[in-house]
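S.K.: quick one: sequence plus predicted model below, questions after.
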There are 2 protein chains.
Amino acid sequence: VTTLLVIGTGLIGGSFALASRAAGSVDRVLGCDADAATLAIAVRRGIVDAPCSGLAAGVAEADVVLVAVPPLATAAVVADVFACGVRSGAMVMDAASVKLAVIDAVQARIGRLPAQYVPAHPMAGAERHGPGAAAADLFAGCQTLLTPTADTGTAAVARCAALWRAVGAHVDQVAPGVHDAIVARTSHLPHLVAYAYMSIAAGADPAQAAACAGPGLRDFTRIAAADPALWRQIIEANESAMLEPLDQLLGALQGLRNQIAERRFDAIQAEFEHARALRHVFTPFFERARGGTNDAR
Amino acid sequence: VTTLLVIGTGLIGGSFALASRAAGSVDRVLGCDADAATLAIAVRRGIVDAPCSGLAAGVAEADVVLVAVPPLATAAVVADVFACGVRSGAMVMDAASVKLAVIDAVQARIGRLPAQYVPAHPMAGAERHGPGAAAADLFAGCQTLLTPTADTGTAAVARCAALWRAVGAHVDQVAPGVHDAIVARTSHLPHLVAYAYMSIAAGADPAQAAACAGPGLRDFTRIAAADPALWRQIIEANESAMLEPLDQLLGALQGLRNQIAERRFDAIQAEFEHARALRHVFTPFFERARGGTNDAR
């Protein structure tokens, strides 16, 4: 019997539990959540077989532990899990969107990085969150990035990768700092821009603007429906990697602004063509993914 | 027998022809296109019953004329149509994404604004373009904005509105200048931002960035796959309305940049919450639309 303990039974934790059971990777799912109502929904939906009375009771039985709580809470929970005494051969992974800040905080709390701990980031999310939105196919075709450190054990990495592949994810390994710099560009910046843009789109009369909205706006702003409290934590945890791509975007937009004011539309078209060619580099990676609309947790 | 003449048999013209025939609004479709290959595809796909040997021959038979050519070419074609002699009781509409520049150019070319001419803007588009991408359901649930002037006849407006409703569109009327100011915010600015953002997302290693891309990036950048030549024309035609929302977005992003640098994350979360509330104003308008991914032509 393989027992999974999910700490944080929301969209990501709940979906991983549903998908892992469907894939046959785990036989039994224990669940903890700081929010009793969330845990109750997860139990009612059959995501969790048994709620844990306390963290220690769950950790003592778990072969696999998934810490799927908001980024700024992740390190403390990982440290608590190891303080409870992880089983020999068990593997503990997190699911936070930012890795260096979490890894550094785990090291600071425990005094070392346990070999059984694998920092991981499944890139899937949805407009809705919580266990009510959990789905067994959320990770199908999505990317999961593992960011092992020099202290992470190879057996733990292999087990983590196999579990994510079993739920349909594509798994890659990347250094934690490289991960944070890349997702600052590819995930955190677009969420920031989509949020910032909503006020501009709405203008003085949001209802009138909404009545004139086309499908481009719908897709472009889908990520502005993501959980503000979660995304504030992601931006906060990855603060040091955010400024460079944000400044680059400000420069690019200022450049386009000047080209419009100077009526240099040939140059604008050349930039659009370059952008479309870059978009086509991404297309094959998008086409393999079926689910999800944003990249949290 | 009601005869439709489509000038420009690409995605928009082709889709309107297919949808209008399916709805029973028109019995016969004539087609013109500056590009012979495009017209040949439209004929082969059964979108057009008969290609026109010349514009005059088509206009002479047409009860409804749809001018669905790129924005900067639209006014000249509308003027040519009226120079051919539009039938009494016929209605001529365009489909350009920008209205004031087109209307002013029509007036300059003809010396007046014909009562039979209805400026229109169906807000639907797709990543693919041309008659090969035309679909009878492209306009289902999408918005079509009519921007009649003081010279536009009420019978022509009513006929135009009925035709767009027949293909499943929601139809609203708005003054041309108001239209241009709103779509600068809700459509043209996000396309500009999505194009500008692609270089930042790709960074120094586009393939690596693509391998780390999540569903948020996929949706956010879908409009960066839109036709660069078309969108250059849209930005050029709506240049005077672009700078205000673009400057507002630059200000908002600069503000977020400063808040990150000053670690004012509570303020950032408040802005995210405001943005999500605004996004929810738009949601009912998005949910009624089934097709399309961008807002051109």
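M.R.: Ah, there it is.

S.K.: excluding chain neighbours, what is closest to the residue of the stretch 1-150 of chain A found nearest chain B?
M.R.: Closest to chain B within the stretch 1-150 of chain A is A:Met123: 3.5 Å, counting by CB to the nearest CB. Yep, even glycine has a C-beta here, placed from its N, CA and C like the rest. Nearest non-adjacent residue to A:Met123, counting by CB to CB, 6 or more residues apart in numbering or on different chains: B:Gly214, 3.5 Å away.

S.K.: let me know the pLDDT of the one you found.
M.R.: For B:Gly214, the pLDDT comes out at 84.

S.K.: my read: it touches A:Ala124, true?
M.R.: Yes - between B:Gly214 and A:Ala124 a contact is recorded at 6.9 Å, counting by CB atoms under 8 Å.

S.K.: picking up where we left off before, what about the residue of the stretch 1-150 of chain A closest to chain B, distance to A:Ala96?
M.R.: Here the criterion is CB to CB, to the nearest Å. By it, A:Met123 lies 12 Å from A:Ala96.

S.K.: also A:Val193?
M.R.: For A:Val193 relative to A:Ala96 (CB to CB), the value is 22 Å.

S.K.: low-confidence regions, chain A specifically.
M.R.: Low-confidence regions of chain A, defined by pLDDT under 70, span residues A:126-127, A:289-297.

S.K.: so where do the strands sit in it?
M.R.: Listed in chain order, the strands of chain A (DSSP state E) span A:3-7, A:28-32, A:50-51, A:64-67, A:91-94, A:117-118, A:120-123, A:143-146, A:170-173.

S.K.: pairing partners for the third one, with directions?
M.R.: According to DSSP bridges, strand A:50-51 forms sheet pairs with strand A:28-32 (parallel).

S.K.: run the angle between the strand it pairs with and strand A:3-7 for me.
M.R.: 20 degrees (axes from the mean of the first three to the mean of the last three CA atoms, to 10 degrees).

S.K.: where do the helices sit along the stretch 101-250 of chain A?
M.R.: For the stretch 101-250 of chain A, applying DSSP state H, counting those that start in this stretch gives helices covering A:154-166, A:176-183, A:189-202, A:206-211, A:215-220, A:228-237, A:239-261.

S.K.: ok, and does the third one reach over to chain B?
M.R.: Yes - contact between helix A:189-202 and chain B, assessed by CB under 8 Å from any CB of the partner chain, occurs at A:189-202.

S.K.: quick check: angle from that helix to helix B:176-183?
M.R.: 160 degrees.

S.K.: helix A:189-202 packs against which elements?
M.R.: Judged by 3 or more CB pairs under 8 Å, 6 or more residues apart in numbering or on different chains; DSSP states H and E, helix A:189-202 is in contact with helix A:206-211, helix A:215-220, helix A:228-237, helix A:239-261, helix B:189-202, helix B:215-220, helix B:239-261, helix B:265-287.

S.K.: got the angle between that helix and helix A:239-261?
M.R.: 50 degrees.

S.K.: quick one: contacts for the residue nearest to A:Ala79 when sequence neighbours are not counted?
M.R.: Leaving aside its sequence neighbours, A:Ala79 sits nearest to A:Arg109 (CB to CB, 6+ apart; 3.8 Å). Counting by CB atoms under 8 Å, 6 or more residues apart in numbering or on different chains, A:Arg109 touches A:75-76, A:78-79.

S.K.: go again with 10 Å.
M.R.: If you count contacts by CB atoms under 10 Å, 6 or more residues apart in numbering or on different chains, A:Arg109 has them with A:75-76, A:78-80, A:82-83.

S.K.: chain B contacts on the stretch 51-200 of chain A?
M.R.: A:72, A:97, A:121-127, A:138, A:141-143, A:145, A:170, A:172, A:174, A:178-179, A:181-200 (CB under 10 Å from any CB of the partner chain).

S.K.: what's the burial count for A:Arg21?
M.R.: The tally of other residues near A:Arg21 (other CB atoms under 10 Å in any protein chain shown) stands at 19.

S.K.: mind checking how far it is from A:Ala134?
M.R.: From A:Arg21 to A:Ala134 the distance is 12 Å (CB to CB).

S.K.: what do the two both touch?
M.R.: A:Ile47.
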